[in-house]
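Structural data only, the sequence is not supplied:
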């Protein structure tokens, strides 16, 4: 596998770890000192993982990711995503779909590629 | 083309074959002894192809696939898809959109990569 | 980067250039003599760029592209896209989502891969 292939696998592995709520795999997608910036500000990895461990309010989620635009010289990736958060119809809750753009700085650490810094920006939501 | 490139092309070729109703190309995406597991149980390839040849109930379909997560050692792929089944507005039928996850075992056979076993799981539908 | 990697980057760079309204990057995705065929007929590059420079009628757009099916022998690509055109809720305008299929002829020109001829076909719209 080339570096490009490994980076593509990294973003896809991230998506499955979130959707499957596999927090060990999720943690291993990141550098231990990674920061994640989202709608709730910039968080260090451990704190961000805590927010992810909170009970899910939707019946199913699907982090559907496009092919990342990879800049191997800058060690950056830019990935489009549509995140489906689907409610149990019996819950009375509405679905929430988000168009998201992930800007990632990546680094080779401990024998694999990981996210060093992530900025997640919501482009649209419905 | 690397094995990863060929496997990416396989899933994309599958999507176009289904949407274009090109059953020759579709058949060649699979090993002759392939099995396909979906909502209607496990089917051998020939039987599954028969179900695909049934007249389409929608005006257009689009099998929109994410980048597969490829495990070259295990010869497995895990691919997210959003399948758009769009009705002719005049038909009175509703659209149906499905979030699907394909778990594939692949094999190199007859000079190309093909699906040996596929499990398609509906994650959500609307 | 392999030719396949560069061609994947080309389609993703195109998507970001359109969504960010970065017309310099957009122009550099194409051969100077490129033609683009869409719902408004076949246009040479300069004329097509003019239509793209018109003020945007939506608050945000997202050209969410699947992995292209690449034919390196024929120098062709076939890419599925879902284009989200999201209206400002205050505008009273409705969102428009399009399922599009891009058929591209590509060429290596001036040291990089570019689109030589593009045909964009709307498969569905809602």
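Yep, that arrived. Worth saying up front: this structure is predicted, and the values here are computed from it rather than measured. Residues are numbered from 1 along each chain as shown, chains lettered A, B, ... in the order given.

pLDDT value on the residue of chain A most remote from its centre, please?
Residue farthest from the centre of chain A, counting by Cα atoms, centre = their mean, is residue A:90 at 28.0 Å. pLDDT for residue A:90: 87.

that's a strand at it, yeah?
No: the assignment for residue A:90 (DSSP: H, G, I helix; E, B strand; the rest coil) gives helix, which keeps it out of a strand.

where's it relative to chain B, distance?
14 Å (Cβ to the nearest Cβ, to the nearest Å). The C-beta positions use only the backbone N, C-alpha and C, and glycine is treated the same way.

ok, now residue A:23?
18 Å.

Against which helices or strands is the lengthiest helix in chain A packed?
Using DSSP state H, we find that the single longest helix of chain A is helix A:3-20. Here helix A:3-20 touches helix A:23-28, strand A:60-65, strand A:69-71, strand A:76-86, strand A:96-109, strand A:112-125, strand B:69-71, strand B:76-86, going by 3 or more Cβ pairs under 8 Å, 6 or more residues apart in numbering or on different chains; DSSP states H and E.

My read is that residue A:84 contacts residue A:97, right?
Yes: look at residue A:84 against residue A:97 with Cβ atoms under 8 Å: they come within range, at 5.5 Å.

okay, those two: which has more neighbours?
Higher neighbour count among residue A:84 and residue A:97: residue A:84, with 23 against 16, using other Cβ atoms under 10 Å in any protein chain shown.

The closest residue to residue A:29 other than its chain neighbours - how many residues pack around it?
Distance criterion Cβ to Cβ, 6 or more residues apart in numbering or on different chains; nearest residue to residue A:29, sequence neighbours excluded, is residue A:14 at 4.7 Å. For residue A:14, the count of nearby residues is 25 (other Cβ under 10 Å).

quick one, what contacts residue A:14?
Going by Cβ atoms under 8 Å, 6 or more residues apart in numbering or on different chains, residue A:14 touches A:26, A:29, A:63, A:115.

now the residue farthest from the centre of chain A: how far from residue A:59?
To residue A:59, residue A:90 is 9 Å away according to Cβ to Cβ, to the nearest Å.

do the same with residue A:18
Residue A:18 is 15 Å from residue A:59, by Cβ to Cβ.

Mind checking which of these two has more residues around it?
Comparing residue A:18 with residue A:59 by other Cβ under 10 Å, the one with more neighbours is residue A:18, at 19 against 16.

Just list whatever residues bridge to the nearest residue to the more buried one once chain neighbours are set aside.
Nearest residue to residue A:18, sequence neighbours excluded (Cβ to Cβ, 6+ apart): residue A:63, at 5.4 Å. Listed by DSSP bridges, the beta-bridge partners for residue A:63 are residue A:83.

My understanding was that residue A:63 contacts residue A:20; is that so?
No: the criterion here is Cβ under 8 Å, and residue A:63 misses it with residue A:20 at 10.4 Å.

List the buried residues in stretch A:76-88.
Neighbour counts over stretch A:76-88 (16 or more other Cβ atoms under 10 Å in any protein chain shown) mark A:76-87 as buried.

Can you tell me which residues in chain A are near chain B?
Contact residues (Cβ under 8 Å from any Cβ of the partner chain) of chain A with chain B: A:1-2, A:5, A:8-9, A:11-13, A:15-16, A:19, A:59-60, A:62, A:64-67, A:82, A:84, A:86, A:95.

Of the residues you listed, which count as buried by neighbour count?
The buried subset of the residues of chain A next to chain B - by 16+ other Cβ under 10 Å - is A:5, A:8-9, A:11-13, A:15-16, A:19, A:59-60, A:62, A:64-67, A:82, A:84, A:86.

who in chain A is up against chain C?
Chain A has residues A:2, A:4, A:66-70, A:72, A:78, A:80, A:82, A:99, A:123-124, A:126 near chain C, with proximity defined as Cβ under 8 Å from any Cβ.

Residue A:63 and residue A:20: who's more crowded?
residue A:63 (22 against 11).

pLDDT of stretch A:111-126, averaged?
On average, stretch A:111-126 scores 97.

Contacts for it, please.
Residues contacting stretch A:111-126 (Cβ under 8 Å, 6+ apart): A:3, A:6-7, A:10, A:14, A:28-31, A:33-39, A:75, A:96-109, C:19, C:59-60, C:62, C:84, C:86, C:95.

isn't residue A:4 right up against residue C:1?
Yes: Residue A:4 lies in contact with residue C:1 (Cβ under 8 Å); the separation is 6.6 Å.

where do the contact lists of those two overlap?
In contact with both residue A:4 and residue C:1: residue A:72, using Cβ under 8 Å, 6+ apart.

Measure how buried residue A:52 is and give me the count.
The number of residues near residue A:52, taken as other Cβ under 10 Å, comes to 14.

typo on my end, residue A:98
17.

what's the answer for the one 10 residues further on, then?
One way to gauge burial is a neighbour count; for residue A:108, by other Cβ under 10 Å, it gives 13.

Now flag whichever of the residues of chain A next to chain C is closest to residue A:53.
residue A:82 (23.5 Å; Cβ to Cβ).

can you pull the contacts of the closest residue to that closest one other than its chain neighbours?
Among residues not flanking residue A:82 along the chain, residue A:64 sits closest, at 4.9 Å (Cβ to Cβ, 6+ apart). Contact partners of residue A:64, counting by Cβ under 8 Å, 6+ apart, are A:15, A:81-84, B:66, B:80, B:82, B:99.
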